[in-house]
Each structure stands twice: as structure tokens, then as C-alpha cells.
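Engineer: For reference, the sequence and a predicted model appear below.
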Amino acid sequence: MPVRIELLWSDLAVWLLVAGVIGLVLYTRGRPHLGAPWMKVGRSASGMAAATVLAAFVLVGLLDSVHYRSALPPQDGKPAWSTELRSLLDRVLEPLRAKREKTYSAPLATHLFAKETLQLPDGSEGRVYPRLRHGGAHLADPQADRARDIAVKSLRGLSLALLLWFAVAIVVSAMVARRNGTDIEAAWREVWAGHTPLQWRAVLCALGVLCLFAGPVAALAPHYHVLGTDKVGQDVLYQALKSIRTGLVIGTLATLVTLPFALVLGVMAGYFRGWVDDVIQYLYTTLSSIPGVLLIAAAVLMMQVYVENHPELFPSTEIRADVRLLALCVILGITSWTGLCRLLRGEVLKLRELEYIQAAQAFGVSRWRIMMRHLTPNLMHIVMIALVMDFSGLVLAEAVLSYIGVGVDPSMTSFGTMINGARLEMAREPMVWWSLAAAFVFMLTLVLAANLFADAVRDAFDPRLIVAGARA
Amino acid sequence: MTAPLLRVDGLTTVIHGGSSPLRAVDGLSFDIAAGETFALVGESGCGKSMTALSVMRLLPEAGEITGGRVELQGGNLLALPESRMRDVRGHRVAMIFQEPGLSLNPVMTVGDQIVESVRRHTALRGDAVAARVLELLDAVRMPDAKRRAAEYPFQMSGGMKQRVMIAIALACDPALLIADEPTTALDVTVQAQVLDLLRELQQSRGMAMLLITHDLGVVAQVAQRVAVMYAGQIVETAPVDAFFAGPAHPYARKLFASLPERAGRGRALAAIPGTVPRLDRVFAGCRFAERCEVALPQCADTLPQWHEAGRDHAVSCHLYGSDERGAMSDERMTEPPASSSSSLITHRSSLLEVEDLKVWFPVRKGLLQRTVGHVRAVDGVSLAIAPGRTLGLVGESGCGKTTVGKGLLRLVEPTGGRVVIDGDDFLALRRGELRRRRRDVQIIFQDPYASLNPRVRIGDALEEGLLALGVGADAGWRQSHIDGLLAEVGLAPDVKSRYPHEFSGGQRQRIAIARALAVEPKLIVCDEPTSALDVSVQAQILNLLKRLQRERGLSYLFISHNMAVIEYMADEVAVMYLGRIVEQGLVGEVLRAPRHPYTRALLAAVPVADPRQQRAAIRLHGDLPSPQDPPAGCHFHPRCPVALPQCSVEYPGEKSWSATHRVCCHLRD
């Protein structure tokens, strides 16, 4: 089936970012002093485990960042394209996306959550829990077979996942063996003793835990709604997986938006001092005194009005939602650069008195060149640490903003919109807890992994800890 | 003979981390008798401090004592549980550290910090404690002890903080005091005060002292017995007189030879090639063999035994083995070749002329940041340097000598005066013109670790000045120019593609010199270029600077607090005190026949590496006053031992003692 790839603005940003990261990796390869701290991250067990989990999230996010329209039968000889914009993730999760129920159903249920008046087989009418259209539809007698069916299916999924995991472990050992020039058995032992320069043991452990969950879920998902369905009958697992991209995009792009502000203004304030410093300090003191939520709400509403007044620029709902997402990133970025800027200013104030800066001044090297060549590279450890630490904060900020209604477009799935949709049902008896729980667990895992990774990065890049580590 | 107070036997300490453990201390043995001062001397990285920390069992996390015994009055300290060890520390063994500013708690008054120690280790309580604190502060001769006890560390100068540290250490009359570089962070005049104090306390209390230092002068002043440490081992032990009369080990001999005060002015210093080897490898023979000029074939593969070199004088070297005895004659120590420095004093017109240079830093206060006063870091300094000559600028820290150097390069914007270089006033140039003229003057800094950007390769760092000043049109010429410079400072051309962290302090300083030379300046400001280096490396750098001056006709403004280095390097000397020059003249005039009381005191305070030669002590009291609020009249009069009444009224004018020798002092003898 022919498809037409379509690049949303946020997709473009995401793939540019990926290209940038690959470029940085290639640049670092030839420069051991730049690579050394990353090797140190590789030696940290918790850091590598967190990186594995993050990588799984990133994979989902990247799959969700390739959008396309599928072809429709040609009309009047011209090719026609579907109005629906799908992503690769949608394609992988097609069964989840398509199998809609009528309304709420509990995780792994076979019947709806609410009673309905139906015509019973004997012809009379009665209020019963109707069978789900898809969840457990293959079972003849759900009462009797459901538990056994679930157990069998999850065991099958689990064993397949473990097989896959074992294969990955073998591949890793083979790689280690090739690098060390030993046989696979020795490499296997070395990996499990934790003696490899990269902590493969931690990676494999994290991967094992992931498989433990992902295997049964993958086996059950085509037949059941593993995490239940929401008010309009959409699968919660599907929503949670779709939310990952929103969270990642906000976390990374908003942090990147903060960078130029923080770096340029921080370095200028620290290096020039005097009135430049006064102006910049005044700017960020003022900015950080304005309640952030108000500023963001105002900016998002303005953006929304603009989009509504110019429908010709934004032809589809997906594009509109996407532009709003980007706008949110920019606004979050603009309001949260002050902390990093302050840090960088302080560091530059310290660095500018160092002798290599003065030596450059004695050569008459221009001020911009000193800032570019001598100051900025020596600030990168702080930038690196701040970036990974801000990421999780921004993911959480998105959830809060979407919850109060000024975040992403309501048509876009995100952890915030999931929570927002579920909050009213918390009061219901019996409680509809699964939407909220799913959003909570996914977000917790993502943010926890990001924080643990940030810790490892900080340990590796912080020069004070490096000094302590050298003595230790 | 009675049992020694402290006996260290086969002490081995390793530091884990990295690819293989570092054997920082490797089979060390020595004894200290009660009431004796024992000095441990060596270059940095020899394991001196690790020895002290091992004795105190205060090693960092990664350090581990893997063997040996440390016996204090017969009991093995290494076998004690940590709770008992706490009683030993402070009570029987006390320690003072190099950096007094870092050893005191900034949020407690010094009195309280002494009280803490007194309470921990004695039964005194209540008023008796306070009385004891005052007694201790008096013992370390803290002026106005009662008021000082209620002050915080930031209100005190470095010398006073070190006195407080000593008072804390003395709180319970320890039998042994370990002093780890106690005066390295202090100025010479303050160092002299503290050394006097330590010597007196040690004698009056009958306390033993383990003194750790790199400074042979300090050893000669204070110690009774010396051990020379090299690469984690002791290579020579001797009574102090015998040691200074005739050091036996080639390493010790080289250390003496590389002292600038021992060499004649025109001669090259005896530098030890290379650096201390890394301690993470296994040594088969003598550890000094690869840097030793008189090494025998067996030095590389056989461990040297201990040999007698005199009464009580032992050395671990093959040269003293039975069949080699006498081989160690002075002829075998190759004397450095004398360089023909026929310093023709042809007074050409000056290259650099500084007139009345002022660098004032405004002190701002209040809401509107109004200027309420000035720190007069440099307050009317006038100098002149002829082409190819060296002017030494001497003074204690805080006297403004570094600011003079930075001010004349306009790294710090001067407040007033003229800096004439080659006929043009540097201070009157606008930014664009200044950038072009920067070629004429370059600077070499003190800290070799801070003077190279860790993220810039050596080649790029050297090229930077060429690019910025537009020297050399094409890349090919620049690269060959850089190769030539590196060869000139004794480095291989392949260092260009490497990063600064791969180099030792001495190598970095060579790179910094090459960087300054790259743009072919006429004058180089050397701002304490060797004070962060070991003596043997210092000798290499001083030799290099001298050779470059000879070959290229460079002028140096050589800033240092080290009199011996100045004496070796400079043709003329200017002595600075609190932002002004108090005495200047030819090096022979100022250092041999000083006229100003401050110069005299400064010279008297320098510890001489010869125990027989004790200069008449002129001890200055107190510390350098604040340049924000200098004393009225002559700035030096509150500390001056021979002040006249008019000294407190009027700043003395300049008087000439000879055509070249000028002094600012009211005294007329």
C-alpha cells in the first residue's frame, strides 16, 4: 500500500535532534577527553540501567515521530490520501487503536464496566453488564475460561520474551568477546561479574525486567484491554504509549530552547560584567518573579487564538495540535532558563579570572572569540548536567499544565490529558482507577529513569566529584 | 639508648583507584626520639604527606595501609580500634596542616574551636577551660589574646590562623607534633615568625616534631635530623649538620645543586631531568636511577642497600657499596657548564618605562553602589627595563606586584600613570591599536594548571596568538614556527595534538613559555613562573628562561616572592611594599647592601639552606596592612623596628645612594 510520509514540525525537530546527537557522538569519538566522562557514565550501574529504560521510551517516541498518510482509492484519476495522519507506532499498535469499546472497562475485563439495558437471549429485557466487543471476545464462557486463558497467554508471552532476552544477552557477550578477543563463554562470565568497561550486566538486568512486563502485555494485548479502556472506549495502554512521545518532545525541546538564552546571556553577564551584567540580571530576576503558570497560560491562549484565526495555515487537527505542542515547548523553555543562566554567570565570573583567559587577552584575542573558544567549552559540564536534570522537571510540568487545561491540545494524548480525563471518575463508585494509574506508572518510570541517568551524568561530569573520585 | 617516641617500621600505604594501585609509601622506616625535630624532605609526589596521614590513620577513603608498624611509645597504632585512635589524635599526636584557612571552621570563633579540643582531651571544665584557652593563645604569642579568642577565622590573617591551629594542636600537650608544610602558604616574614614559634615551643615543651617540607631552608632552620624521601622511600637519613655539610645521595646532592642561591649568577642551575616516576609500577632497582647522572649498571636492576656515609648518616645507594666506596667523588658529579654571561652594562635607552603607575580598585557600598574608597593595589610605581635585562620585583603577597604586571599589560585597567614601551604610551592606546601592540609584551603565569585551557590542544593554544595578532600569513609557516618554538623549550613537535592534562607542571610551564614566545615579544612579564614547581623543575625553567634571554635578547619583568630566584635571575631589583616601591637598584646593591628596613627584614627572614649560617634575626611583627586604608606616613612604620617620629607623619621621598640605588626611607645612616 503506498503511503505518503508527512513531517510535522515537531517530527522535524525530533529528527534534527537525533541527527545532532549522532553528530556529537561522532565528534566525541576522536576526542578522548570529551568521551571520558561518558565512559564513566557507562561504568555506573544505575546509570546504565536507567539509560536502558530511557532507550525503550525513546524508541517508542521515535516510532511515534514518523507520520504518514495511507493512500485511498484514486478519485477522478488523482491519487487521494487518507485524512488521518498515522505514525509507525499506530501501525504497530493497530489492534489496540482500532478495537474500541463503548465506554469504560476494567483492565483485562470481558464485560463493560457499566450496566446497560439489553435484550437477553430469551427475549426479555434486563440490565446486565454487556460483553465487550473485543476484550476477551474469543472466549465462549468468560466466567470459566478467562483466568486460565490469561495465564496461558501471559506465560507464552513471558517465555517468548525471555527467549528474546537470552538472544540479546548472547549477542552482547559475542560483542564483548570480539572486542576482548576471548571466547563467548569467558565474555559471558565477564559480563555477569560486572568487569566490562560498559556495565552490560546492568543493561541486561534492566532489559530483563522490561521483558518481564512487556512479554505478557504483548501477548495479552491483542485479545484483552490490558489496562482497561477510557470513557469513550479507547484502550488505555495505547494512550499511555502515545503519551510517551508528548512527554519526550516537551522534555527535550523545551530544555533545548532554554540553552541559547541561558548560555549566551549567562556568558555575557559573567564576562562583560558592568551594565551588561546588570541588565541581564534584572531581566532574569524579573522573569523568575512572574508566576510561570500565568505567563504560560496567557501565551498558550494567544497561540490558540492565532491558530483559530488562521485556519488556512493549519489545515488539519493534527497539525494544529502539533503547533500548539511546539509553542508550549518554546514557552516552557523561555520561562525556565533563569536557573541555568545564573549558574553559568557564576561559573564565568570564576573562569574569567583564570590565567588562560588572561593569556588570551594578552594576545589581543577578541572578546567574542574568548567567549566561544575558552569559556563555552569549559561550561559544557554544567550545561550537560542541567539539561538532563531539567528534562524530568519539564515532563512533570507538562502534566500539570495539561491537567489545568493550558497544556497540549485536548486532542493530543499526553500524561496530563490522561490524568485530566480520569480525575472526575475518581469519585465514582466503584472507582475508575486505571487511567490514572497507567499515567502515573508510565510517568514515574520515565521520570525516575531520567533522574537516575541525570545522577550518573552529574557524577561523571562534575569536576569536584572527579577530583574526589581521583582520590577515592 | 632509650626506646624512640615514634618508630615507623616498614610502613606501606597504597592508594586504590586507577588501573593499578599507587604505592604512595613503600616500606618506610624511621625513628623519632622524644624532643627531637625530624624533617622529612622531598619533592611533591614523594609520599611525604601520605606518611603523615598514615601515622595519624587519617588516610583518604581510597588509601590503605597494607603493611608495617607504627609504634608510639611502644604501642602499635595500626592495631588500635578507631575509638581508641581518637584519643591518640590530638592527645598524644597532634597535626597542623599546610592551609590554615581550610583547617578552621569558618562559622565558629577561634576560641570555641580551641575549647572543643581542650574539652575533648582534658578534664578541665568551666572557667578553667577559658583560662586554658587564653594560656594557649599566649603561648603561640597571639597579640591581644582575649579579644582574638572571640573572633572568627575570616577576621584573621594567614599567620594568625596558623597560630590558632598550633594552639589547638598544643591544647593537650602532645608528645609528638606533625607539621605538614606548616609555612608553605605563608609569606617569608610570617614564615619566619611561625618557624621561630615552632622551634621555641618544641624546645620549651620537650615535644617531638615530625616536620614535612619541600624547603631545605626550613629544614636547616628547625630540624635536628633529616630524612630525604624519593618516590615513596627514604633514600638518606642524617643529622642536620652532617646532611648540609655533605649530602650523600645523588638525589639530595642534586636538590642542593638546583637551589638558585647555591649557584653563581652566571652559571646554569643543575636541574634534575624528568620528574618523579609514577608509583603504580614495579621498581626493579633504584627508583632514582633514570634521573641519576652517576647511575651504575646495577642501579637499574638491583635494589640498593643501606650504607654508612658517616656517623649516624645512612644512605641507600649503590655508589656507597663496599667495592664502590670512594667512587662518589665530586668529580663524578658533573658540574653544570658555566655560561658566558658577560653582562655588559651598556645602558641603552629603556625598552619599558613605567611612570607613576596607579591601579586603584573602587570600593563600593550602599544601595546606590557609591564609591566610598579605593584599594590602592598599585600606588605610584615607576620602573625602567633596558633591552635584554631583567628587573626583579619582590614583595610579600598582597603588596601589588602581580597587579603591576597585569596593569602594564592592561589586563587590569590602570587608573593613572604612563607605560611607555618602545616610545609609545601603552595606556593611551585605543582598543584596536592596543590589540596590535600586544605583540610587544607577553606574560607567563604562576599556576601552570590554570594557564592552559584544558579543552584546547597545545598546537591550537600556541597558534592562537599568531592568529589573533596576524603574525605569519599561511598555516604552513605557522606550523613550522610552532614546531621551532616547541623544540626551543625542549618539547617534541608531536605534543601539538595533545591536551594539557597529559603534561606535568614543568612541561605545562614550558608550553606557556612557548606560547608567550610565539608572537616574538620584546618583554615578558614572568609572574611567579616557578613558585608552583618543585626545586628541580624550577631549575629547569630558570635555565630555560636564562637561555632564551641570551639568545633572543628578551627583557623580563620577573615577579617573585622568592629572594633566591630573584638573586639568580635579575639584573636589577625593585622591592615593593603595599603598592609602592621602597627600594630599587642593581641586584648586588639591594640584596647585598640593603638600605630600607623592610628589605633587610625580608632578607633576614629567608631561611637559608645551611644550619651554620644563621643571619641576624630581624623579626617583623604583625602582617601587611590593608591597602584600602594604608598607615599614615611611611606605610611600613607600624612594623618597622627602627621607625623615627617623622615616619608616621610623612611619606619619605626617594633618596639616591648611588647612580642606580634608590630608597624611600627617612633613615640617613
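Structural biologist: Structure received.

Engineer: And what about B:A185, helix, strand or coil?
Structural biologist: Of the three states, B:A185 takes coil according to DSSP: H, G, I helix; E, B strand; the rest coil.

Engineer: mind checking how far it is from A:Y271?
Structural biologist: The gap separating B:A185 from A:Y271 is 30 Å, by CB to CB, to the nearest Å. Backbone N, C-alpha and C define where each C-beta goes, glycine included.

Engineer: cool, A:I334 as well?
Structural biologist: Distance check for A:I334 against A:Y271: by CB to CB, it reads 23 Å.

Engineer: Looking at these two now, which is surrounded by more residues?
Structural biologist: A:Y271 (21 against 17; other CB atoms under 10 Å in any protein chain shown).

Engineer: give me phi/psi at the more buried one?
Structural biologist: Recorded main-chain torsions at A:Y271 are phi -80, psi -40, according to degrees, to the nearest 10.

Engineer: remind me, longest helix of chain A?
Structural biologist: For chain A, the helix reaching the highest residue count under DSSP state H is reported as helix A:142-180.

Engineer: Tell me the helices and strands packed up against that one.
Structural biologist: helix A:184-193, helix A:200-220 (3 or more CB pairs under 8 Å, 6 or more residues apart in numbering or on different chains; DSSP states H and E).

Engineer: I'd like those laid out as TSV, including mean pLDDT, distance to chain B and mean neighbour count.
Structural biologist: Written out in TSV, the entries for the helices and strands packed on helix A:142-180 read as follows (pLDDT from 0 to 100; distance: least, CB to the nearest CB, whole Å; neighbours: other CB atoms under 10 Å in any protein chain shown):
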stretch	mean pLDDT	distance to chain B	mean neighbour count
helix A:184-193	86	17	16
helix A:200-220	91	20	19
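
Engineer: related to what we said a few turns ago, mind listing what's buried along the longest helix of chain A?
Structural biologist: For helix A:142-180, a neighbour-count test (16 or more other CB atoms under 10 Å in any protein chain shown) marks A:142, A:146, A:149-150, A:153-154, A:157-158, A:161, A:165, A:169, A:172-173, A:175-177 as buried.

Engineer: now, among those, which is nearest to B:K48?
Structural biologist: For B:K48, the nearest member of these is A:V176. The distance, counting by CB to CB, is 42.7 Å.

Engineer: Next, count neighbours for the nearest residue to A:F442 once chain neighbours are set aside.
Structural biologist: Excluding the flanking residues, the one nearest A:F442 by CB to CB, 6 or more residues apart in numbering or on different chains is A:A240, at 4.8 Å. Number of residues near A:A240 (other CB under 10 Å) recorded here: 22.

Engineer: what kind of secondary structure is A:A240 in?
Structural biologist: Assigned by three-state DSSP, the conformation of A:A240 is helix.

Engineer: dump the residue contacts of it.
Structural biologist: A:L227, A:M418, A:A438, A:A439, A:F442 (CB atoms under 8 Å, 6 or more residues apart in numbering or on different chains).

Engineer: What about A:K115, how many residues nearby?
Structural biologist: Here the neighbour count serves as a burial measure; for A:K115 (other CB under 10 Å) it reads 12.

Engineer: pLDDT score for it?
Structural biologist: In the predicted model, A:K115 carries a pLDDT score of 82.

Engineer: Would you check that it makes contact with A:V128?
Structural biologist: Yes - using CB atoms under 8 Å, A:K115 is in contact with A:V128, at 6.2 Å.

Engineer: My guess is A:G421 contacts A:W434. True?
Structural biologist: No - taking CB under 8 Å as the contact criterion, A:G421 and A:W434 are not neighbours in contact, 11.8 Å apart.

Engineer: higher neighbour count, these two?
Structural biologist: The neighbour count for A:G421 versus A:W434, taken as other CB under 10 Å, is higher for A:W434 (24 against 20).

Engineer: contacting residues around the more buried one?
Structural biologist: By CB under 8 Å, 6+ apart, the contact set of A:W434 is A:A106, A:P107, A:L227, A:G228, A:V236.

Engineer: These: which ones sit near chain B?
Structural biologist: Filtering these for proximity to chain B by CB under 8 Å from any CB of the partner chain leaves nothing.

Engineer: can you tell me which of those residues are in helices?
Structural biologist: A:V236.

Engineer: if we take the contacts of A:W434, which one ends up nearest to chain B?
Structural biologist: Comparing the contacts of A:W434 against chain B with CB to the nearest CB places A:L227 closest, at 46.7 Å.

Engineer: Next up, the contacts around the closest one.
Structural biologist: A:L227 is in contact with A:P107, A:D235, A:V236, A:L237, A:A240, A:W434, A:A437, A:A438, counting by CB under 8 Å, 6+ apart.

Engineer: Counting neighbours, which of these comes out on top?
Structural biologist: Looking at these with neighbours defined as other CB under 10 Å, the largest count falls to A:D235 at 27 neighbours.

Engineer: That one and A:H67: what is the separation?
Structural biologist: As judged by CB to CB, A:D235 and A:H67 stand 20 Å apart.

Engineer: do the same with A:V264
Structural biologist: To A:H67, A:V264 is 33 Å away according to CB to CB.

Engineer: quick one on the thing from earlier: Serialize the contacts of A:W434 to JSON lines and add fields for pLDDT.
Structural biologist: What follows is those, written out as JSON lines (pLDDT from 0 to 100):
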{"residue": "A:A106", "pLDDT": "86"}
{"residue": "A:P107", "pLDDT": "88"}
{"residue": "A:L227", "pLDDT": "89"}
{"residue": "A:G228", "pLDDT": "87"}
{"residue": "A:V236", "pLDDT": "90"}
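
Engineer: Turn the contacts of A:W434 into a markdown table, columns for distance to B:P645.
Structural biologist: Compiled in a markdown table, these are given as follows (distance: CB to CB, whole Å):
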| residue | distance to B:P645 |
| --- | --- |
| A:A106 | 101 |
| A:P107 | 98 |
| A:L227 | 95 |
| A:G228 | 98 |
| A:V236 | 95 |
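
Engineer: The stretch 551-669 of chain B: helices as residue ranges?
Structural biologist: Under the criterion DSSP state H, counting those that start in this stretch, the stretch 551-669 of chain B carries helices at the ranges B:563-569, B:587-592, B:597-605.

Engineer: out of these, nearest to A:A298?
Structural biologist: The minimum distance between A:A298 and those falls on helix B:563-569, with 66.1 Å, by CB to CB.

Engineer: Show me what that closest one is packed up against.
Structural biologist: In terms of contact count using 3+ CB pairs under 8 Å, 6+ apart, helix B:563-569 is assigned the packing partners strand B:390-394, helix B:535-552, strand B:555-560, helix B:587-592.

Engineer: mind listing what's buried in the last one?
Structural biologist: Looking back up the chat, that one is helix B:587-592. With burial defined by 16+ other CB under 10 Å, the residues of helix B:587-592 counted as buried are B:V587, B:E589, B:V590, B:L591.
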